[in-house]
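J.: okay, sequence plus prediction incoming.
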Amino acid sequence: MSKQQQHWEKSRGLLFMTLAIWFVFSIGIFLFGAEMNEVTGPFGYPLTYWFTCQGSLGIFVILIFWFANRQEKIDEEFGFSERGDD
Amino acid sequence: MIKGNFIDNLPKVYGIYTGGFLAFIIIMSIAEQMGMTAKTIGICFVAFTVAIYAIIGYLSRTAQADAYYVAGRQVPTVFNGMATAADWMSGASFVAMAGGIYFKGYGYMALLVGWTGGYVLVASLLAPYLRKFGCYTVPDFIGTRYGGNLTRFLAVVVLTVASFTYVTAQINATGTIASVALDIPFQYAVYVGLISILLCSMLGGMRGVTWTQVAQYIVLIIAYLLPVFWISNKMGAGFFPHFMLADEVARIGELEQQFGFIANSKENLAMVPKGLAGITKAHSAVNATPWAFISLALAMMMGTASLPHVMMRYFTTPSVKAARKSVGWSLFFIFLLYSSAPMLATLSKLSLIDPSLPTGIIGKSIAEVQAIDWYQNWNQANLMFVSDFNGNGTLELNEFFMGGKAVVLATPEIAGLPYVISGLVAAGGMAAAMSTADGLILAIANAISHDVYYKIIDPKAETAKRLVVARVLLVVIGFAGATIAAMEIQGILGSVIWAFDFAMSGLFFPLVLGVWWKRANREGAIAGMALGLISGAGYLIWVRNGGSGFLGITQLTFGIFGSAVSLVAMVVVSLITSEPSAATQKMVDEVRVPSGKSILGKQH
């Protein structure tokens, strides 16, 4: 397998992991919205309410930065990283 | 005062700008103490901020294609994040979102999840790859990846349908705010709004829009957060509302139990002015079925990843790596406003319905409520209404009606904040609507000038001529949008949601599969875009004309049907026709490698 193929395999693995986490917090938990709302969540808000106000939104922010860092590591590993100009 | 490269000095430039804006707010509040009228303050806020944007737009003028189309690809990640956030958060997010949460609670909050979750798709599936591609516009990618003028043209069609639906709503919002703040009739205010919008984008294209959007973000976020924090502190609800409103949320639940949701008769509701609504849904309880919530969130997420005015912001970063990070920053800046909207809705609702608070009006006598100053103001503005349906002389929960916009616009006044805050909120709403309108008009004009005029009609056109065409189109599209906005056909929020559905119906799978599925070919893309858009639009028309729909897909989520058709059509047609050429497959391989040269040259 060429270097490029290996890089793509790893990138795709990361994509699936990212999408799995995304799925849980954008769709998965809301299948159980009514049940979850009985539970008290962070700062004392009802749990489902908290996820729609802050929880899921904040997790998405962290998820994107996490994804960007992981992808960068993969790129560096295969020498596909650009010089730092961000 | 400032030496060296503009880009290196960005933090300093915008630091001074923010300081200047805060100083302006302070000067205005002093002027208010000294007796300046509310109307003058409103005019000052709107005129001052719009003048600043126009100056930035003028300073960013350019005669180069890559500066005009992609801001020279040198916008740093954090600033691109701010610009995207302003591009993204429209008049609807700013003025209508808190109101939607106030009235509809959980079912509406699917939009919060959808309009943020979509960025995960943008970051992981599309933005870095399209940046590597080096395109100027979204149809540029479709046209080059799949080949042929028809694919390019169809992408322009989908882009135009989606963005145009969206932009009329934004021009409408700028018109509404300009007409209130400057006290001129709406039909003229729409064109005042339009001229302000064009001042930002015409001379500098994407470069001008980028730097004005950063400035607009700073205004809109201050205008949104300052009142939320102030009101929360003034009510004694908590120093940091986001973490401290659990008691208030619980109290609203108690009051809802105590008052009960009494349904009004049809005859009574007929007396309520159009556009106003009462509180009929629980504030924090789960009041929608899982599918209703999830389908709306999903449609908004896929729509986010297909809207060209957002995608093209990531073409302006210096590198692929920067594009990924920049998506994270965008969402962070969006998060600051979106996580505050439910807090504002909570504070607004509690301050109105809690009889134990001095501002509470439920339980007071109707005559007493009708004598309140702010009630009279907002009643006159057609945003508030009370009526004694049961004739007991006391205001009940089901006898109080309000417009969605009032949550953002009126709450500061109800809470007893100085008028300077209302002026600030008007400037913020104007910034939000203008920045989105700019991004959208530019997306349409660039697609038509670059993809239709330059790539299809006259590939030999010189840069100067191309940029003249681009600017003429900008003005034409702006005026077309304003003319339709002046007719006031549909509400702000409805047309915004449709734009997402149109975009996802026609573009989501052709974009994603273009990167992630090498086998996708031209015939497949044509089928995907055409059938996706047609079936999505068909479903919308069917449901609007009394069709029953299926699988719980409503007129707000028709994109789910459109994109499903698009996916099936694209996969089936791709598989029964021949695979793409070796050159195309090699191109896809190159897109997947973040380093190295972009596919399309710097100037193309």
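T.: Sure thing, it's come through.
J.: centroid residue for the chain?
T.: No chain in the question, so chain A it is. Nearest residue to the geometric centre of chain A (Cα atoms, centre = their mean): residue A:63, 3.4 Å.
J.: to clarify, I was referring to chain B.
T.: residue B:90 (2.8 Å).
J.: from residue B:216, how far out is it?
T.: Distance of residue B:90 to residue B:216, computed by Cβ to Cβ, to the nearest Å: 11 Å. Using the backbone N, CA and C atoms, a C-beta is placed for each residue, glycine as well.
J.: same question, residue B:375
T.: From residue B:375 to residue B:216 the distance is 32 Å (Cβ to Cβ).
J.: more neighbours: those two, which one.
T.: Legend: neighbour count by other Cβ atoms under 10 Å in any protein chain shown for residue B:375 and residue B:216, higher for residue B:216 (32 against 18).
J.: identify the residues contacting that one.
T.: B:53, B:86, B:431-432, B:434-435 (Cβ atoms under 8 Å, 6 or more residues apart in numbering or on different chains).
J.: nearest to chain A among those residues?
T.: Closest approach to chain A among the contacts of residue B:216 (Cβ to the nearest Cβ): residue B:86, at 17.1 Å.
J.: what mean pLDDT does whichever strand or helix holds the closest one get?
T.: Assigned by DSSP states H and E, residue B:86 belongs to helix B:77-88. Averaged over helix B:77-88, pLDDT sits at 93.
J.: average pLDDT across the helix or strand following that helix?
T.: Heading C-terminal from helix B:77-88, the first helix or strand you meet, by DSSP H and E, is helix B:91. Mean pLDDT, computed over helix B:91, is 80.
J.: neighbours around residue 20, how many?
T.: Picked chain A for this. 10.
J.: other chain: chain B
T.: Neighbours of residue B:20 using other Cβ under 10 Å come to 10.
J.: go on, residue B:593?
T.: The number of residues near residue B:593, taken as other Cβ under 10 Å, comes to 17.
J.: mind checking how far it is from residue A:12?
T.: Where residue A:12 is concerned, residue B:593 sits at a distance of 13 Å (Cβ to Cβ).
J.: got a pLDDT number for residue B:66?
T.: 84.
J.: can you check residue B:488 too?
T.: 67.
J.: in contact with residue 57: list those residues for me.
T.: Reading this off chain A. By Cβ under 8 Å, 6+ apart, the neighbours of residue A:57 are B:112-113, B:116, B:335, B:338-339.
J.: wait, chain B was what I had in mind.
T.: Residue B:57 touches B:199-204, B:208, B:212, counting by Cβ under 8 Å, 6+ apart.
J.: element containing it?
T.: helix B:38-59.
J.: report the buried residues of that helix.
T.: Using 16 or more other Cβ atoms under 10 Å in any protein chain shown as the test for burial, helix B:38-59 gives B:41-46, B:49-50, B:52-54, B:56-57.
J.: which non-adjacent residue is nearest the residue in chain A that chain B sits nearest to?
T.: Nearest residue of chain A to chain B, counting by Cβ to the nearest Cβ: residue A:44, 3.2 Å away. Excluding its sequence neighbours, the residue lying closest to residue A:44 (Cβ to Cβ, 6 or more residues apart in numbering or on different chains) is residue B:246, at 3.2 Å.
J.: pull the distance from stretch B:593-604 to the chain's centre.
T.: Here stretch B:593-604 is found 30 Å from its chain centre; the criterion is Cα atoms, centre = their mean, to the nearest Å.
J.: alpha carbons only: can I get it in PDB?
T.: Output of stretch B:593-604 as PDB, limited to C-alpha atoms (Å, rounded to 0.1, in the frame of the first residue of the first chain):
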ATOM      1  CA  VAL B 593      -3.400  15.100   0.200                       C
ATOM      2  CA  PRO B 594      -3.300  18.300   2.200                       C
ATOM      3  CA  SER B 595       0.100  19.500   1.200                       C
ATOM      4  CA  GLY B 596       1.400  20.500  -2.300                       C
ATOM      5  CA  LYS B 597      -0.100  22.700  -5.000                       C
ATOM      6  CA  SER B 598      -3.800  23.300  -5.300                       C
ATOM      7  CA  ILE B 599      -5.600  21.700  -8.200                       C
ATOM      8  CA  LEU B 600      -6.600  25.100  -9.800                       C
ATOM      9  CA  GLY B 601      -3.900  27.700 -10.200                       C
ATOM     10  CA  LYS B 602      -3.700  30.900  -8.100                       C
ATOM     11  CA  GLN B 603      -5.200  32.900 -10.900                       C
ATOM     12  CA  HIS B 604      -7.800  31.100 -12.900                       C
END
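J.: so what touches it?
T.: With Cβ under 8 Å, 6+ apart, stretch B:593-604 has contacts from A:4, A:7, A:71, A:75, A:79-82, B:65-66, B:128, B:132-136, B:140, B:144, B:320-321, B:463, B:587, B:590-591.
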